[in-house]
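# Quick one, what's the 3D model for this:
(4 chains)
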2 protein chains.
Amino acid sequence: MNNLDFIGKHGKAVSVAKHDYVFMQGDDDENLYAVRSGLLKAYYVSPEGKETIKSFLRPGGMIASLTAAHKKEACTFNLLALEDSQLVKVAFSDLYEAANQTHAIALEMRDFLLVLSMKKEQREYEFLNLSAEERYQKFAHENPELIDQLTQNDIARYLGVTPVALSRIKKRLR
Amino acid sequence: MNNLDFIGKHGKAVSVAKHDYVFMQGDDDENLYAVRSGLLKAYYVSPEGKETIKSFLRPGGMIASLTAAHKKEACTFNLLALEDSQLVKVAFSDLYEAANQTHAIALEMRDFLLVLSMKKEQREYEFLNLSAEERYQKFAHENPELIDQLTQNDIARYLGVTPVALSRIKKRLR
DNA sequence: TCAATTTTTTAACCTGGGTTAATTACAAAT
DNA sequence: ATTTGTAATTAACCCAGGTTAAAAAATTGA
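As a prediction, the model looks like this:
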């Protein structure tokens, strides 16, 4: 189910009800979370109160505020449950240390970070090369289930446009 | 100098003159490159011929087309020398295998990928949350040397705008 | 030094998306 | 069923940035 064996063995279960926060921007939560069930969103809020969504998390997904976890800084984004969710957490530093001690764990971590890097490069590609309309089409195509589960507001904030703009894009496409 | 000991020991030197390609979009170059000297740009070209820049590479930097290297697909971008450059390369699969065998190498790889992930998250943040003007100011602030070395064209294509737009942004700021 | 080329700026015009606000459509709860 | 709140659509207006083209400035090379 989960790529990180270490989390299975050493993780602590965390349950969050719909609309609960796992952590908030400004916290210093240094944990890595693996999602077992449910649906969550990781999102930034700007000083002016504007929201943008970094990613959606579904079962099998993992997330940590890497800067918070690794550089001991405050979390730069919020993690909020969109549905009742079950997660498992471990202190990032424990995982990091365990990898230093144990080859197999270092490999798990490498593979996790390789997948994460590829995902983030993909997103970079989309922002650099695709229009908002194309990003929407790609997202809809790759995440047919999410399209119904999420509000248009959240989808728009993930794509980097306003909900009003996304409404116009959808109209254009039909 | 270089974080990846493995490359120092097993890498092959590669020299490229200014305006030479290290690899091109469509190639299946499965190597990881570490930059020893010089300056390069990694960039996409769309089917319509539009260019966008993924990243600039300076001494100490490392790059691979991760999908090409790991998933055995074709490179999705070009790597071009903006100045005469020296690089060292290793087959990504050799590095991956060596990490499987040797704990220390797995750790080097983990650390490299952790840094890469953090950089890419940073860029995601910038596209999601900053205007073109703010991205330019941040880039100029964090890369004072590059600002003189690069053409405005390249800076613009890195920021995700046209050179004309960047010229306007600079005018606005002075 | 002068011609050729590349880079940068400027201008005119257009378009996608932001903003605000009002309207409509849905959903949940009593 | 009716209220209450939330989500989505629409409209009007504005602006940043795209596009095209021309002009000016800076580099490069012979």
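# okay, now A:V45: neighbour count?
15 (other C-beta atoms under 10 Å in any protein chain shown). No exception for glycine: its C-beta is placed from N, CA and C like everyone else's.
# Go ahead and confirm it touches A:N78.
Yes - applying C-beta atoms under 8 Å, one finds A:V45 in contact with A:N78, separated by 6.8 Å.
# Quickly list what's touching both of the two.
Here A:V45 and A:N78 have A:Q25 as joint contacts, going by C-beta atoms under 8 Å, 6 or more residues apart in numbering or on different chains.
# ok, now how distant is the spatially most central residue of chain A from DNA strand C?
In chain A, the centroid-proximal residue (C-alpha atoms, centre = their mean) is A:S55; its distance is 3.9 Å. For A:S55, the distance to DNA strand C (C-beta to the nearest atom of the strand, to the nearest Å) stands at 18 Å.
# quick check, that residue in a strand?
Yes - counting by DSSP: H, G, I helix; E, B strand; the rest coil, A:S55 is part of a strand.
# Tell me which helix or strand comes right after the helix or strand bottoming out on mean pLDDT in chain A.
Here the helix or strand of chain A ranked lowest by mean pLDDT, DSSP states H and E is helix A:66-71, holding a mean of 86. As assigned by DSSP states H and E, the chain's next helix or strand after helix A:66-71 is strand A:78-81.
# neighbouring strands for that next one, and are they parallel or not?
strand A:21-23 (antiparallel), strand A:40-45 (antiparallel) (DSSP bridges).
# Against A:S55, how distant is the residue nearest to A:R58 when sequence neighbours are not counted?
Closest residue to A:R58 apart from its sequence neighbours, by C-beta to C-beta, 6 or more residues apart in numbering or on different chains: A:L39 at 5.9 Å. A:L39 sits 12 Å away from A:S55, going by C-beta to C-beta, to the nearest Å.
# Likewise for A:K138?
A:K138 is 15 Å from A:S55, by C-beta to C-beta.
# what's the angle between the longest helix along chain A and strand B:40-45?
With secondary structure taken from DSSP state H, chain A has its longest helix at helix A:103-129. Interaxial angle of helix A:103-129 relative to strand B:40-45 (axes from the mean of the first three to the mean of the last three C-alpha atoms, to 10 degrees): 60 degrees.
# Next one: stretch A:45-61, is it in contact with DNA strand D?
No - residues of stretch A:45-61 contacting DNA strand D under C-beta under 7 Å from any atom of the strand: none, with a closest distance of 11.9 Å.
# Keeping just the C-alphas, turn that stretch into PDB.
Presented in PDB, the C-alpha positions along stretch A:45-61 are these (Å, rounded to 0.1, in the frame of the first residue of the first chain):
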ATOM      1  CA  VAL A  45      -2.400  31.600   1.900                       C
ATOM      2  CA  SER A  46      -0.800  34.900   0.900                       C
ATOM      3  CA  PRO A  47      -0.500  37.900   3.200                       C
ATOM      4  CA  GLU A  48      -3.400  39.400   1.300                       C
ATOM      5  CA  GLY A  49      -5.500  36.300   2.100                       C
ATOM      6  CA  LYS A  50      -5.300  34.700  -1.400                       C
ATOM      7  CA  GLU A  51      -5.300  31.000  -1.500                       C
ATOM      8  CA  THR A  52      -3.400  28.800  -4.000                       C
ATOM      9  CA  ILE A  53      -3.300  25.000  -3.900                       C
ATOM     10  CA  LYS A  54       0.000  23.200  -3.900                       C
ATOM     11  CA  SER A  55      -1.400  19.700  -4.200                       C
ATOM     12  CA  PHE A  56      -4.200  17.300  -3.400                       C
ATOM     13  CA  LEU A  57      -3.500  14.200  -1.400                       C
ATOM     14  CA  ARG A  58      -5.200  10.900  -1.800                       C
ATOM     15  CA  PRO A  59      -4.500   7.400  -0.400                       C
ATOM     16  CA  GLY A  60      -1.000   6.400  -1.100                       C
ATOM     17  CA  GLY A  61       0.200  10.100  -1.200                       C
END
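# Distance from the chain centre to it, please.
Taking C-alpha atoms, centre = their mean, to the nearest Å, the mean C-alpha location of stretch A:45-61 is offset from the chain mean by 7 Å.
# What residues of it count as buried?
Of the residues in stretch A:45-61, A:E51, A:T52, A:I53, A:K54, A:S55, A:F56, A:L57, A:R58, A:G61 count as buried by neighbour count, 16 or more other C-beta atoms under 10 Å in any protein chain shown.
# try stretch A:124-141
Applying 16+ other C-beta under 10 Å to stretch A:124-141 flags A:E124, A:E126, A:F127, A:L128, A:N129, A:A132, A:E133, A:R135, A:Y136, A:F139 as buried.
# Does at least one residue of that stretch sit close to chain B?
Yes - judged by C-beta under 8 Å from any C-beta of the partner chain, stretch A:124-141 comes into contact with chain B through A:E124, A:Y125, A:F127, A:L128, A:N129.
# Restrict the least confident helix or strand of chain A to CA atoms and write it as PDB.
Extracted in PDB, the C-alpha atoms of helix A:66-71 (Å, rounded to 0.1, in the frame of the first residue of the first chain):
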ATOM      1  CA  LEU A  66      10.200  19.900   3.300                       C
ATOM      2  CA  THR A  67      11.700  23.200   4.400                       C
ATOM      3  CA  ALA A  68      10.000  22.800   7.800                       C
ATOM      4  CA  ALA A  69      11.100  19.200   8.100                       C
ATOM      5  CA  HIS A  70      14.600  19.500   6.900                       C
ATOM      6  CA  LYS A  71      15.600  23.100   7.600                       C
END
